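Chemist: just to be clear, the model below is a prediction. Sequence and coordinates:
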Amino acid sequence: MSLFAIVRDAIDPRTLEAAVWSEACGAVTMFLGVVRERASDGRPVTGLVYEAHEAMALTEFAEIAHEIGQKYPGVRVGIVHRIGELRVGEIAVAVCAASPHRPAAFDACRYAIDEVKARASIWKNERYADGTGEWVSN
Amino acid sequence: MSLFAIVRDAIDPRTLEAAVWSEACGAVTMFLGVVRERASDGRPVTGLVYEAHEAMALTEFAEIAHEIGQKYPGVRVGIVHRIGELRVGEIAVAVCAASPHRPAAFDACRYAIDEVKARASIWKNERYADGTGEWVSN
Amino acid sequence: MRELLGEGEFELVVPDGATLVDCWEALRARNRKIDALASATRIARNGRVAALLDERVAEGDEIALLPPVGGG
Amino acid sequence: MRELLGEGEFELVVPDGATLVDCWEALRARNRKIDALASATRIARNGRVAALLDERVAEGDEIALLPPVGGG
């Protein structure tokens, strides 16, 4: 599996982890963004629809990983985002960081997901029980 | 799967994640402690052997999770540690935290693994290429 | 954005030597609803967010309007 | 610890009313090598780390010597 991907089917965190890990790494951290049952304002959500500018998003993922390589030498990260229609409970994004030691693995994973949410060219449409939807930003 | 376990076979992070996640949770964080190829002093390691005082370790896991429930309301954690002989690349410990939002998920996961390493009744014997072994503490 | 403007991808014809600002004005001439997006939208040319709005465009360039992101 | 002392689990016989300190002394009488562990070892009684070394023990109690941990 590639370290950076936009996918249309279910994300398998274990495959991402296997791609990121190397024998020098004792610490692996993972963040999974999962579709939850409520919007930020409390409205029930039936699912989310994601769209991406794929080429831009992949470039942004690689840029974020490059920044992590500079800030946390020896840490590798992988980023996979799913697009299309997702139901409650499905994984929308997985970020994995592997490092010899755990503080850098946590810091890198957090940096990666914060940056993905802040700047990756991905858009999210919340679907509500009444059949309507709304584009929401982070 | 129980939220707290000492196991003798391979840890499946996905099963743990499924046990921890609930529909209110948009953020799942996971820490995997993986056997790496070198000891802290740089010596090549062929594997690790873990022993536990199982009853005490399980009580300690539950105590740590209880503390997290107090510090980070709404956050659930699961902790699974493997014992016995492990080879390089195998998962020794998995900690998973699920939360409505991601900062608490990261903080809780980090707290849990820090505390597991500091106080869980589990002991680690490093095995070296020359056939010798040594008990090491964190 | 697609819903607001009522259209997705299309060809935009601008004069030789036009800049991204000229593209924006051409889009605006086509649909005044675009004004509602001006403060929150970034413009990308060929897959990169444009740093300067006086960048010149060439035939075949992909110009994208990027609303605030919502990944994760 | 098992390697240092040359033994794992065993029955320890102490007088009625004995405390955890008495248990430690009984262990020490059995094997002086235990002195090497004194500074880094915690004592647990029935699966709980003992807060007070003058806790009294009863017949059937499990007394465990816990070297520094190394989980994870």
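Modeler: On my side now, so go ahead.

Chemist: find the closest residue to chain D in chain C.
Modeler: The nearest approach of chain C to chain D comes at C:Gly72, 28.1 Å away (C-beta to the nearest C-beta). C-betas here are computed from N, CA, C, even on glycine.

Chemist: any idea which element that residue lies in?
Modeler: Per DSSP states H and E, C:Gly72 falls between elements, in no helix or strand.

Chemist: I figured it was touching A:Val93, is that so?
Modeler: Yes. The pair C:Gly72 / A:Val93 is scored as a contact, 4.9 Å apart, by C-beta atoms under 8 Å.

Chemist: intersection of neighbour lists for those two?
Modeler: Shared contacts of C:Gly72 and A:Val93, defined by C-beta atoms under 8 Å, 6 or more residues apart in numbering or on different chains, comprise A:Gly33, A:His81, A:Ile113, A:Val116.

Chemist: hmm, back to that, contact partners for the residue of chain C closest to chain D?
Modeler: Listed by C-beta under 8 Å, 6+ apart, the contact set of C:Gly72 reads A:Gly33, A:His81, A:Ala92, A:Val93, A:Ile113, A:Val116, A:Lys117, A:Ala120, A:Ile122, A:Asn138.

Chemist: a markdown table for the residues you listed, including secondary structure?
Modeler: What follows is the contacts of C:Gly72, written out as a markdown table (DSSP: H, G, I helix; E, B strand; the rest coil):
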| residue | secondary structure |
| --- | --- |
| A:Gly33 | strand |
| A:His81 | strand |
| A:Ala92 | strand |
| A:Val93 | strand |
| A:Ile113 | helix |
| A:Val116 | helix |
| A:Lys117 | helix |
| A:Ala120 | coil |
| A:Ile122 | strand |
| A:Asn138 | coil |
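
Chemist: of those, list those near chain D.
Modeler: Here nothing survives when the contacts of C:Gly72 are matched to chain D using C-beta under 8 Å from any C-beta of the partner chain.

Chemist: got CSV for the residues you listed, with neighbour count and pLDDT too?
Modeler: Listed next are the contacts of C:Gly72 as CSV, based on neighbours: other C-beta atoms under 10 Å in any protein chain shown; pLDDT from 0 to 100:
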residue, neighbour count, pLDDT
A:Gly33, 23, 98
A:His81, 26, 98
A:Ala92, 21, 98
A:Val93, 22, 98
A:Ile113, 28, 98
A:Val116, 24, 97
A:Lys117, 19, 97
A:Ala120, 27, 96
A:Ile122, 26, 96
A:Asn138, 16, 85
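
Chemist: sorry, back to before: of the shared contacts of C:Gly72 and A:Val93, closest to chain D?
Modeler: Using C-beta to the nearest C-beta, A:Ile113 comes nearest to chain D of the shared contacts of C:Gly72 and A:Val93, at 22.9 Å.

Chemist: can you list the residues of chain C near chain A?
Modeler: Proximity of chain C to chain A, by C-beta under 8 Å from any C-beta, involves residues C:Met1, C:Ala44, C:Gly47, C:Arg48, C:Ala64, C:Leu66, C:Pro67, C:Pro68, C:Val69, C:Gly70, C:Gly71, C:Gly72.

Chemist: which of the residues you listed fall in strands?
Modeler: Counted as lying in strands by DSSP state E, out of the residues of chain C next to chain A, are C:Ala44, C:Arg48, C:Ala64, C:Leu66.

Chemist: now do the contacts for the first one.
Modeler: With contacts defined as C-beta under 8 Å, 6+ apart, the neighbours of C:Ala44 are A:His53, A:Met56, A:Ser121, C:Ala50, C:Glu62, C:Ile63, C:Ala64, C:Leu66.

Chemist: report pLDDT for it.
Modeler: C:Ala44 carries a pLDDT value of 90.

Chemist: that one and B:Phe4, how far apart?
Modeler: As judged by C-beta to C-beta, to the nearest Å, C:Ala44 and B:Phe4 stand 48 Å apart.

Chemist: tell me if C:Ala26 really is in a helix.
Modeler: Yes. Counting by three-state DSSP, one finds C:Ala26 located in a helix.

Chemist: I figured A:Thr46 was touching A:Asp130, is that so?
Modeler: No. In terms of C-beta under 8 Å, A:Thr46 does not count as a neighbour of A:Asp130; the distance is 9.4 Å.

Chemist: the two: which is more packed in?
Modeler: Neighbour comparison, A:Thr46 and A:Asp130: the larger count goes to A:Thr46, with 15 against 9 (by other C-beta atoms under 10 Å in any protein chain shown).

Chemist: can you tell me the closest non-neighbouring residue to that one?
Modeler: With C-beta to C-beta, 6 or more residues apart in numbering or on different chains as the criterion, A:Thr46 has its nearest non-adjacent residue at 5.0 Å, and that residue is A:Arg127.

Chemist: quick check, the one you found in a helix?
Modeler: No. With three-state DSSP as the criterion, A:Arg127 is strand rather than part of a helix.

Chemist: hmm, back to that, now render the shared contacts of C:Gly72 and A:Val93 as TSV, adding distance to chain C.
Modeler: Converted to TSV, the shared contacts of C:Gly72 and A:Val93 look like this (distance: C-beta to the nearest C-beta, whole Å):
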residue	distance to chain C
A:Gly33	5
A:His81	6
A:Ile113	6
A:Val116	5
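
Chemist: residue contacts, residue 59?
Modeler: Picking chain A for this. Listed by C-beta under 8 Å, 6+ apart, the contact partners of A:Thr59 are C:Gly47, C:Arg48.

Chemist: now the host helix or strand of it, how far from the centre of its chain.
Modeler: In the assignment (DSSP H and E), A:Thr59 maps to helix A:54-71. In this view, helix A:54-71 has its centroid 12 Å away from the chain centroid, taken as C-alpha atoms, centre = their mean, to the nearest Å.

Chemist: what's the mean pLDDT across that helix?
Modeler: The predicted model gives helix A:54-71 an average pLDDT of 96.

Chemist: and for stretch A:8-22?
Modeler: On average, stretch A:8-22 scores 96.

Chemist: and the pLDDT at A:Met1?
Modeler: Value for A:Met1, per-residue pLDDT: 60.

Chemist: mind listing what the residue positioned nearest the centre of chain A touches?
Modeler: Geometric centre of chain A, nearest residue: A:Val93, 3.1 Å, by C-alpha atoms, centre = their mean. A:Val93 makes contact with A:Ile11, A:Phe31, A:Leu32, A:Gly33, A:Ile79, A:Val80, A:His81, A:Arg82, A:Ile113, A:Val116, C:Gly71, C:Gly72, according to C-beta under 8 Å, 6+ apart.
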